[in-house]
Structure formats: structure tokens, C-alpha cells
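*Asks:* Here's my sequence, what's the structure:
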Amino acid sequence: MPEHNAQSLASQILNGFNRHYARFRECARAAKIAFEEADWPQIQRLSAERIAFYDERVRETAQSVKQAHDVSQEGEDFWQSVKTEYVELLMDHHQPECAETFFNSVSTKVLDREYFNNDMLFVRPVISTEYIDSESATYNSYYPNRDGWPAAVMAMFNDLGLRRPFTNLARDVDAIIQRLSEATENMFDAKPNLQIQAVRSLFYRNKGGYLLGKIINGHYEYPFAIPILHDAEGGLCADTILLDGRHLGSLFSFNRAYFMIDCEVPSALVQFLQTVLPQKPKAELYSMIGLQKHGKALFYRDFKHHQKHSTDDFILAPGIKGLVMLVFTLPSYPYVFKLIKDVISPPKEVDKELVEKKYQLVKRHDRVGRMADTLEFSNVAFPRARFTQDLIDEIAKLAPTELAYEGDNIIIKHVYIERRMMPLNMYLHDASIREDKQRKDNAVIEYGNAIKDMVAANIFPGDMLFKNFGVTRGGRVVFYDYDEIEYLTDCKFRPIPKSRYDDDDMLGEVWYSVDKYDVFPEEFEKFLLTDPEIKAVFMRYHADLLDWKYWQSHQERIRAGHIEDFYPYPHHLRFVERGYGAGHTTTETIS
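*Replies:* Residues are numbered from 1 along each chain as shown. The predicted structure follows:
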């Protein structure tokens, strides 16, 4: 019977989601164990492998649905019945919003695009997540008025249940309370409702676990994050406490890898995080806790809402046009849309398939605050009336296979969406026109820092021209052009061979052999440092980037199994810098 089939199919899809989320949580629990054991390669593996979990379960579920149900023989009413049955199954579910997104993903795999419509999908959420009760709360509360500050903060750490002990927890607690007293007096003018709320699980990434929470006192709330690291003595230590909103926001930046955290009710965690990071939309927070597919769904809903409440047109993005990607933007919206061109001009030696692999490499890698995250979409509908004719002509000329028409809409078949930044070349030019030497110098220093952070993370950017880097609102330089990106350890860094004859250097072409992965750092100076002011600053801070030995030395460290520390907060905030504790004594790149 159709009703029975609808129930069975809905149950089958939800079982697929449940398998996905169970594995998702297992990954977070494995990250906790790896952190306790200082198994940093395992952390990297878990972070990379988890990216594929969702798509694997969607494919698996879609395939099982096709084998068990001949959906092609059913009409629209049947699939709407499946959706209705699915809603019934979600009534007591702890991840209904993510399960709805999973239903959409499976539906679009099973049905042809021409077949399904919005009535068959969860375009808007159906199940409310406002009051989902969990067997265990998202956060714990502690009461300094009752127990005293040292005991309350100590209990907050003890409740994390970490198997590796702190080297000197009492010292770390004292340092935290001292930092709090320096930050504000209001916090210690205790009101009756004074309490500390801290998320029950740590947020794991790279070599750190981050404890997030807030202090409530009267009408004031003080969000905080405490990075927990392994110290030089083999134990754990609180490296600092972050109280500034800019530093907290940086932890959840779009240019960093997703966290691993075990949460039963993600909506409750995101709701709490929004009180800590009110400037971050839910879409970004879901993505940053590893639920990037639901983050994408929320992003797209926000994007459609913005289109509805704006009137400007999509245009070609300003700046130097790339050889690989066609980029357009909506001026009122802080993102760019990137298409891979059908024909990629020389000297680029890549094709569409290879470019897609490069973007996937970055998605799976630790972006260490220096590589922009991308949202990848297929078959995105844009209103035809909002595209300028110049933009349509450009797409039709350079990426015609990505373009289709459907009623009043333009369909872009494959697009990457990134946060819009000012290209570094434009930023430097603007600073020169304004005669703002400090701004220009800082950008050059940041450019070198960005390259060094990527080097430490086993990434060679490939095309290092300024136009391939962007500057964030906070002045941070971030790389965003991935078509030539390589693992550092796959490259061969060489000195330029000595001339055979006196006139070799006068030849118009390279007279020595160059293999695909050969890199000659000495050449960077020729095409990067043509501006004397830029060159002077670069040579003062980053002359080592022109030395092939610098690159080889980092290759050797990586091949030897060394994994660098990356601090997503200023170095001077670390307790070790203030004499509060041992902390780390290494000299890795500080981001």
C-alpha cells in the first residue's frame, strides 16, 4: 500500500541519518581520546575523514531507497506523504533540523531535478528546536557566590573528565581569576545571580581543546574561551582565557578548520554559542561544529532571504580576472560566487576535475586561519532579472556548460561561494594612494605570515601573486585561489643552477630543466617584489622565504612527523608570556 511504502521509505531515510549522526559523535569522542593521548596525527585524520561522512551516508541511503522503492512510478502525492511521515518520526528527535537537511539531500539524489518541488522538501524548518530537552544539558553551571571563585573554576575543569591530568591546575585557576580581575571590576561585584556557564564538552581542533562559556552577573554577560594545551612537562595547561569578542570570533573564523565536539542536541549548543558569539549567524556556527551541510542549508535560506529584500544586481567581481575561475558578486551581499571556466588558458595546466580536487583538499585540511572556507553548491537558481547582461555574456563565453535557464531563473550548475575580501593587490594599491605606509607595511608582513603558516601546515600555495590573497575586515591576510595548491612535501625546492656560460642569464628562456613540482624560491623576488617599499618590508621580515633551504627545512620537519602549534589568538595573551605558568616553549608560527 502507498501509505505503508511512505512510512517505510521515511523510516529508511531517518535510519540513514541516525547512522550518520552516530558516526559523527563517535568521531568527536575519538578526538577527545586522541587529544588526551597527544595523538596529533589521529586528530588530523579524524578532522579530514569526517568531512566525507555526510556524503557517504547520503549516497548509501539514496542507493538503498532506490533498491527498495520504485520511486519513479510514484507521483507527487506519494513523496509529500513520505515527507509527512518523516515529520511524524522527528517529533521526539534530538537533531530534527539536521535530519530535515538529510531528507533534502537524499531526495535530490533520488529524484530528478525536474520532478521535485518545494512541497517535497524542507525549504523551511518544520520541527521547532526551541525546547528540545536532552538527557544531559549542553552546559554546566557553577556558583562562585556559594563555592568561591577558585573552587567554582576548579570544578569547571574537573567536570570535563579529561584522563590526562593538568600539570598545575591550581596555578592555571589563579591565572584565570587574575585575568578576570584585570578585565573588569563588575565581575567581582557579585550579584545574586552570579554564575559561570560552561559547555560540557571541549571543542577540539589541531593540538588544542577549547572550553567555551560565559559568566553571568546581574545584567552583564562575559563570554570566554579557555584554550587547553599540552605543556612542556607532559601535562595539560590552560594557555590563556580569551574575553575579547574579536578573539572569540577568530576561533570560529571561516578560514579555520571545523571543530570536533560531542553534542547530543546541536540546536541547543548553537543557541548557547549565539549568546557567546552574537555576531555569528547560525549557519556559520553549525558549520564550525562540523555540521557544515546543515550550515549550508541555513546559509542558502539566508541568501534567498537577502535576495528577496535587496534590489541590486549580480555583477562581475572587481579586480584582476583569473585564468581559472570566473567570479561574480552581489554588492549588497558579503560573498563571491566562483565558477570553474570551461577552457582554462595557459600557462595554467589544470582542468575542471583537478581544480575541484584542489578545493576538496583545502576543505579537508586544517586551514590554520590562512585559507578561506568555501561552500560548494550544485544547480543554484538565481533570478534572471538580477543578472547584468555583461555577467550573463561572460558566463556564456567562459563557462557555458555551467549555465542553464529555467523559467525566470538562471541555473548555475556548479558554484563555490566564499566570503568576500579585498584582494591584497587592491589593498596595497589603495594604501599607496592614501600614503598610509603603516597599513601597507602591516599587509606585507601579514602576507609573509600567511605563507609561513601555510608552510607549517604542509601547504604550498603555488601561485603567490598578491591578487590570490585577500584581506579580512580585521586586517588578516588569507589565501583563496587553490588551483595550484600542493602539499609542501610533494614539491621540490631548488636553488637556481649556476650559469653554464656567461650569456646564459641573457637568454629569453630558462636554460635549465624544470620538472612539474620544481620550485625556485629565488624567483619570487622577480614577480612579487617590484615595489621598492614592499620589497624593503618583505626583506626585513620574510627574506627567508626566498631561500630554498627554508622550505626544505620545513619539509624535513613535516616528514619527520612534527605537527606545528597554531594559536588563533595573540601570543602576548598567553599565560606563559605573563609568567603564570610553563605553557609551551616551542617557537612555532603564531597565527
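
*Asks:* What mean pLDDT does the host helix or strand of residue 305 get?
*Replies:* Per DSSP states H and E, residue 305 falls inside helix 292-308. Helix 292-308 shows a mean pLDDT of 94.

*Asks:* Give me the helices and strands touching that helix, please.
*Replies:* With contacts defined as 3 or more C-beta pairs under 8 Å, 6 or more residues apart in numbering; DSSP states H and E, helix 292-308 has these neighbours: helix 40-68, helix 96-110, helix 282-288, strand 375-383. No exception for glycine: its C-beta is placed from N, CA and C like everyone else's.

*Asks:* Bridging across strands, which residues link to residue 214?
*Replies:* residue 197, residue 223 (DSSP bridges).

*Asks:* what kind of secondary structure is residue 226 in?
*Replies:* Assigned with DSSP: H, G, I helix; E, B strand; the rest coil, residue 226 falls in the strand class.

*Asks:* picking that back up, after the helix holding residue 305, which helix or strand is next?
*Replies:* Using DSSP H and E, the next helix or strand after helix 292-308 towards the C-terminus is strand 315-316.

*Asks:* before we move on, back to that, now the helix holding residue 305: buried residues?
*Replies:* Applying a neighbour-count criterion of 16 or more other C-beta atoms under 10 Å, one finds 292, 293, 294, 295, 296, 297, 298, 299, 300, 303, 307 buried in helix 292-308.

*Asks:* Same question for stretch 168-181.
*Replies:* 168, 169, 171, 172, 173, 174, 175, 176, 177, 179, 180.

*Asks:* The third one: helix or strand, and which one exactly?
*Replies:* Element membership for residue 171, per DSSP H and E: helix 169-183.

*Asks:* which one among the buried residues of helix 292-308 gets closest to residue 56?
*Replies:* residue 293 (11.9 Å; C-beta to C-beta).

*Asks:* Give the residue spans of this structure that score low on pLDDT.
*Replies:* Within the chain, the ranges that satisfy pLDDT under 70 run 1-4, 72-75, 112-120, 131, 133-136, 500-512, 577-591.

*Asks:* can you list the domains in it?
*Replies:* 2-120, 139-304, 310-420, 424-567 (automatic domain parsing).

*Asks:* so can I have a markdown table of those showing distance to residue 573?
*Replies:* Shown next, in a markdown table, are the domains of the chain (distance: least, C-beta to C-beta, whole Å):
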| stretch | distance to residue 573 |
| --- | --- |
| domain 2-120 | 21 |
| domain 139-304 | 5 |
| domain 310-420 | 15 |
| domain 424-567 | 9 |
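
*Asks:* Residue 129 is nearest to which of the ones you listed?
*Replies:* Proximity to residue 129, assessed across those by C-beta to C-beta, is greatest for domain 139-304 (3.5 Å).

*Asks:* what about that closest one, distance to the chain center?
*Replies:* Computed by C-alpha atoms, centre = their mean, to the nearest Å, the chain-centroid distance of domain 139-304 equals 18 Å.

*Asks:* And for stretch 98-116?
*Replies:* On C-alpha atoms, centre = their mean, the centre of stretch 98-116 falls 25 Å from the chain's centre.

*Asks:* counting contacts, what elements does the longest helix along the chain pack onto?
*Replies:* When secondary structure is assigned using DSSP state H, the longest helix within the chain turns out to be helix 2-36. Judged by 3+ C-beta pairs under 8 Å, 6+ apart, the packing partners of helix 2-36 are helix 40-68, helix 76-89, helix 96-110, strand 203-205.

*Asks:* Point out the most buried one among the ones you listed.
*Replies:* strand 203-205 (a mean of 25; mean count of other C-beta atoms under 10 Å).

*Asks:* Contacts made by the helix holding residue 305 with the rest, please.
*Replies:* Helix 292-308 is touched from outside by 51, 54, 97-98, 101-102, 104-105, 123-124, 258, 266, 281-288, 330, 332-333, 335, 375, 377, 383, 386, 417, with contacts defined as C-beta atoms under 8 Å, 6 or more residues apart in numbering.

*Asks:* do the same with stretch 341-349
*Replies:* 323-326, 350-352, 355, 398-402, 483-484.

*Asks:* What is the neighbour count of residue 562?
*Replies:* Neighbours of residue 562 under the rule other C-beta atoms under 10 Å: 13.

*Asks:* Phi and psi next, for it.
*Replies:* In terms of degrees, to the nearest 10, the main-chain angles of residue 562 are phi -80, psi 130.

*Asks:* and the domains of the chain, which is most packed in?
*Replies:* domain 139-304 (a mean of 19).

*Asks:* Could I get the helices and strands packed on helix 2-36 in a markdown table, plus columns for distance to residue 466?
*Replies:* Output for those, formatted as a markdown table (distance: least, C-beta to C-beta, whole Å):
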| stretch | distance to residue 466 |
| --- | --- |
| helix 40-68 | 29 |
| helix 76-89 | 50 |
| helix 96-110 | 38 |
| strand 203-205 | 29 |
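
*Asks:* Looking at the ones you listed, which is nearest to residue 234?
*Replies:* Set against residue 234 and scored by C-beta to C-beta, the helices and strands packed on helix 2-36 come closest in helix 40-68, at 14.3 Å.

*Asks:* Could you figure out how far the closest one is turned away from helix 76-89?
*Replies:* 130 degrees (axes from the mean of the first three to the mean of the last three C-alpha atoms, to 10 degrees).

*Asks:* In terms of secondary structure, what does helix 40-68 contact?
*Replies:* Secondary-structure packing of helix 40-68 (3+ C-beta pairs under 8 Å, 6+ apart): helix 2-36, helix 96-110, strand 203-205, helix 292-308, helix 352-364.

*Asks:* Out of the helices and strands packed on helix 292-308, the one nearest residue 214 is which?
*Replies:* Using C-beta to C-beta, the nearest of the helices and strands packed on helix 292-308 to residue 214 is helix 282-288, at 14.8 Å.

*Asks:* Any chance you could list what contacts that closest one?
*Replies:* 252, 254, 256, 258-259, 266, 270, 273-274, 277, 292, 294-296, 298-299, 302, 373.

*Asks:* Which residues are in contact with residue 163?
*Replies:* Taking C-beta under 8 Å, 6+ apart as the test, what residue 163 contacts is residue 36.

*Asks:* related to what we said a few turns ago, among the helices and strands packed on helix 40-68, which is nearest residue 520?
*Replies:* helix 352-364 (21.6 Å).

*Asks:* Give me the angle between the closest one and helix 292-308.
*Replies:* Using the same axes, to 10 degrees, helix 352-364 lies at 110 degrees relative to helix 292-308.

*Asks:* between helix 352-364 and strand 375-383, how big is the angle?
*Replies:* Using the same axes, to 10 degrees, helix 352-364 lies at 120 degrees relative to strand 375-383.
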